[in-house]
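J.: I need the structure of the sequence given here:
(4 chains)
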There are 2 protein chains.
Amino acid sequence: MRQQKRERHGKILAALGLASNLRVTDLARQLGVSTETIRRDFDELTHAGMLNRTYGGAVSSLGASNTTGAKQDLFHAERQRIAEATVTQVADARILLIGSGATTVRVAQQIAAQLKNITVVTHAFGVAQALANNGTIEVMMIPGLYHPEEASTTGGHAIVFLQSLYVDYVILGASGLTGDGPGSAVPEIAAVNAAMLGRAEKCIVTADRSAFNLHYATRYADWPRVSKLVTDAQPPPALLNTLRKSQVELLVV
Amino acid sequence: MRQQKRERHGKILAALGLASNLRVTDLARQLGVSTETIRRDFDELTHAGMLNRTYGGAVSSLGASNTTGAKQDLFHAERQRIAEATVTQVADARILLIGSGATTVRVAQQIAAQLKNITVVTHAFGVAQALANNGTIEVMMIPGLYHPEEASTTGGHAIVFLQSLYVDYVILGASGLTGDGPGSAVPEIAAVNAAMLGRAEKCIVTADRSAFNLHYATRYADWPRVSKLVTDAQPPPALLNTLRKSQVELLVV
DNA sequence: ACTAAATTGTTGAAATTTCAACAATTGCAT
DNA sequence: ATGCAATTGTTGAAATTTCAACAATTTAGT
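T.: Residues are numbered from 1 along each chain as shown, chains lettered A, B, ... in the order given. Predicted coordinates for the structure are as follows:
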């Protein structure tokens, strides 16, 4: 009967692929064994790191939680400081645009906590949901093709929509910062960022130190068009020089 | 106090991003409210299609379809049957519109599992995220004001955007089905639904039996404009009669 | 066939969750 | 301020799960 156990474990894992969460009782009936057997199976599979227990059941440990989890934690504290500093820069805003990325979502959470009675236009799902907490903020979603990895809308519809806007500030993230300008690893996002850039009085770029000197094909702006750069470490000398020449206000937190 | 509720819902959603599964008890202690409050929050967020209940907790609905939990979500199995039946009705579609609600999110999950190379236009975050995994489906988000409780876009921008579309099918949910027509509990959603209705060759309404004879102020359609109704139980006689007179094709699964 | 070990089932009590009904509180409009 | 509606808290009983202990069954090796 040793083999039946392996078979069962395989079935359990397969079932987890179909259903995000399983219940001890259902699985016992489904596989024709007692609930205690399933419970013991869960224990073993949990120990092997294949699933996580819930009260009465189990969920896959391969869920969406760990996709970006580790990466986000890496600069968690830094992003928090960047977000807090960025919010102080837009305290007088009445309407603003916010781009996509881990840092901008953090900024949105800070805005939700500190500002009131403003309007935010965004193409990032995470930003919209972060701002929804605050009942006094109106959130406008930009149309477009949904981009799963960035959880944002992109494409022509997004860019056309932006043409009819003009706001106080635009807050953008960046995965790369070079002498040429800020860039994004995702071309579709870069295109939307570029379109956003022209639609605001002032442009604030936020990025942590990991973006320094990272070069991506899709640069979305020239430095002279950027008003402020908020980051968590002193940029390398060459970049620093370009920033000064381009009159970009630098904020290191 | 309405604001605290939205805040909590946002925190719950955020917590789901960190931990793939949450427990009612933990969340209650963490947010400093009673377990019953969390339970009610879960109910509402489930209705919006943002999460799935487990015994004692909840998991993100972004995973896959959930074949368990008859008692957890009272109409879980029914919704699954409705979703499966609905997909068979649109198997020949090349482009379709999908509305918001727990049932339509489930339909989207089924579509992601079964259809390929189609375009879906939606205003519901949950629908977009459900379809994202299937690499062959193009998802277009409708612009508009973000509505936290329904996790959908609404308002004038959404309705104007819809005017430029014409698709094969539109799939809508309904919180109430009366002799007058299908209705939504949320006026903003009803307005978008009404706008969607005119932009498709055929209109399919999906609703579980709990919607029968529920009357809301915001009816979004007359029955003659509905092509099919997919539900899980025989409607009451009066409604049945109206459906027949209005030539609504009825599908009970 | 026999034994020892592993696996699985059974049972009842304890812990936890759910559910419904009702009370208390809060927010908002008149 | 007053009243109404929405939100939240409280309570106790019912349903469900967990846990530990023990019994029954199956497997593997000799």
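J.: Spit out the contact partners of residue A:108.
T.: Residue A:108 makes contact with A:98, A:120, A:122, A:124, A:126-127, A:130-131, according to Cβ atoms under 8 Å, 6 or more residues apart in numbering or on different chains. For glycine as for every other residue, the C-beta is placed from the backbone atoms N, C-alpha and C.
J.: Wait, a helix at it?
T.: Yes. Residue A:108: assigned to a helix according to DSSP: H, G, I helix; E, B strand; the rest coil.
J.: Name the helix or strand for residue A:234, please.
T.: Under the criterion DSSP states H and E, no helix or strand holds residue A:234.
J.: cool, residue A:103 as well?
T.: Counting by DSSP H and E, residue A:103 is found in helix A:102-114.
J.: which residues touch the helix or strand following that helix?
T.: Using DSSP H and E, the next helix or strand after helix A:102-114 towards the C-terminus is strand A:119-122. The contact list for strand A:119-122 (Cβ under 8 Å, 6+ apart) reads A:94-100, A:108, A:111, A:127-128, A:131, A:137-142, A:165, A:167.
J.: Please apply the same query to stretch A:126-139.
T.: The contact list for stretch A:126-139 (Cβ under 8 Å, 6+ apart) reads A:98, A:100, A:104-105, A:108-109, A:111-113, A:115-122, A:141, A:151, B:2-3, B:6-7, B:9-11, B:13-14, B:125, B:145-146, B:148, B:151.
J.: For the stretch 101-250 of chain A, which segments are assigned as strands?
T.: A:119-122, A:138-141, A:144-147, A:152-154, A:167-173, A:176-177, A:182-184, A:200-206, A:218-219, A:228-231, A:249-252 (DSSP state E, counting those that start in this stretch).
J.: pLDDT (mean, whole number) over the second one?
T.: Per-residue pLDDT values across strand A:138-141 average out to 94.
J.: now swap in the last one and tell me
T.: Averaged across strand A:249-252, pLDDT comes to 97.
J.: next one: the fourth one
T.: In this model, strand A:152-154 carries a mean pLDDT of 94.
J.: Show me what it is packed against.
T.: With contacts taken as 3 or more Cβ pairs under 8 Å, 6 or more residues apart in numbering or on different chains; DSSP states H and E, strand A:152-154 sits against strand A:144-147, helix A:187-197.
J.: Please state the offset of that strand from the chain centre?
T.: From the chain centre to the centre of strand A:152-154 is a distance of 12 Å (Cα atoms, centre = their mean, to the nearest Å).
J.: and what of the second one?
T.: For strand A:138-141, the distance between its averaged C-alpha position and the chain's averaged C-alpha position is 17 Å (Cα atoms, centre = their mean).
J.: give the contact list for the closest residue to residue A:151 other than its chain neighbours.
T.: Nearest residue to residue A:151, sequence neighbours excluded (Cβ to Cβ, 6 or more residues apart in numbering or on different chains): residue A:125, at 4.3 Å. Listed by Cβ under 8 Å, 6+ apart, the contact set of residue A:125 reads A:151-152, B:125, B:128-129.
J.: closest to DNA strand D among the residues you listed?
T.: residue B:125 (20.2 Å; Cβ to the nearest atom of the strand).
J.: Cool, thanks, talk later.
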